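S.K.: Just need the structure, nothing else, for what follows:
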Amino acid sequence: MTRSPARRDWIRRVERGLLATGLYLLPFVWGRRLGLPPIHLAWWLGAWFPLPPRAAIALGWVAEGGLGYLAAFLYETLARFRPAPPLGQGLGFGAAWAVAVGAVGLPLFDRFSPLVQSGAILAPGPFGAAYGWGAALTWLAAALAMGTGLALAPSRGPDFPSVR
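M.R.: Model prediction:
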């Protein structure tokens, strides 16, 4: 018995989303090692909910995975409309993601985040500019790494039989 196409698509997007999330987070980890200001995305996302810090961070990691799935879904949907070499598509998607997060997401975060409003963290500003040029480059590197990973991940995997 083989899996239905819709289920295969869902599983593939989860796999690609996890890969995208991992690649997106790598530049932030490397940035800390290079002395750039720490950017803890799981804490930033989880702090939207009134939970103890550890629970908020755990929820933030789940939200990161959800954003990775969303990125995989958007990438696959948009890639159908604009055929191009995969690496070009991935870099273009990553650049568009960086602009969307930097120009829209971070200013909204500044305005509404409980972390910023309580003074727990500095408001990052558009493109993370309040944290310095290194942070802005880290956001860009993260988005480009994510887009590249989405582009180079296999679009179709083997069709394994269902295990019952």
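
S.K.: what ranges do the helices span in the chain?
M.R.: For the chain, the helices defined by DSSP state H cover 5-33, 41-46, 53-81, 86-100, 106-112, 114-117, 133-152.

S.K.: Highest mean neighbour count out of those helices?
M.R.: helix 133-152 (a mean of 21; mean count of other Cβ atoms under 10 Å). Quick note: C-beta positions are derived from backbone N, CA and C, even for glycine.

S.K.: ok now it, how far from the chain's centre?
M.R.: A distance of 9 Å separates the centroid of the chain from that of helix 133-152, by Cα atoms, centre = their mean, to the nearest Å.

S.K.: Packing partners of that helix?
M.R.: Other helices and strands packing on helix 133-152, by 3 or more Cβ pairs under 8 Å, 6 or more residues apart in numbering; DSSP states H and E, are helix 5-33, helix 53-81, helix 86-100.

S.K.: quick revisit: got TSV for the helices of the chain, with mean pLDDT and distance to Gly125 too?
M.R.: As requested, the helices of the chain are arranged in TSV below (pLDDT from 0 to 100; distance: least, Cβ to Cβ, whole Å):
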stretch	mean pLDDT	distance to Gly125
helix 5-33	83	17
helix 41-46	84	14
helix 53-81	88	20
helix 86-100	91	15
helix 106-112	88	6
helix 114-117	84	10
helix 133-152	90	9
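
S.K.: Which residues are in contact with Leu144?
M.R.: With contact set as Cβ atoms under 8 Å, 6 or more residues apart in numbering, Leu144 has these partners: 91, 94-95, 98.

S.K.: can you check Val101 too?
M.R.: 139, 143.

S.K.: so how far is Asp9 from it?
M.R.: Noted for Val101: a distance of 25 Å to Asp9, by Cβ to Cβ, to the nearest Å.

S.K.: what does Trp48 give?
M.R.: 29 Å.

S.K.: wait, what's in contact with Trp48?
M.R.: Neighbouring residues of Trp48 by Cβ under 8 Å, 6+ apart: 113-114.

S.K.: What spatial separation is found between it and Arg32?
M.R.: Distance from Trp48 to Arg32, by Cβ to Cβ: 23 Å.

S.K.: for Gly132, same thing?
M.R.: Taken as Cβ to Cβ, the span from Gly132 to Arg32 is 13 Å.

S.K.: got it, and Tyr131?
M.R.: 12 Å.

S.K.: who's in contact with Thr21?
M.R.: 64-65, 67-68, 146.

S.K.: Give the residues shared as contacts by Tyr131 and Arg32.
M.R.: Counting by Cβ under 8 Å, 6+ apart, Tyr131 and Arg32 have no shared contacts at all.
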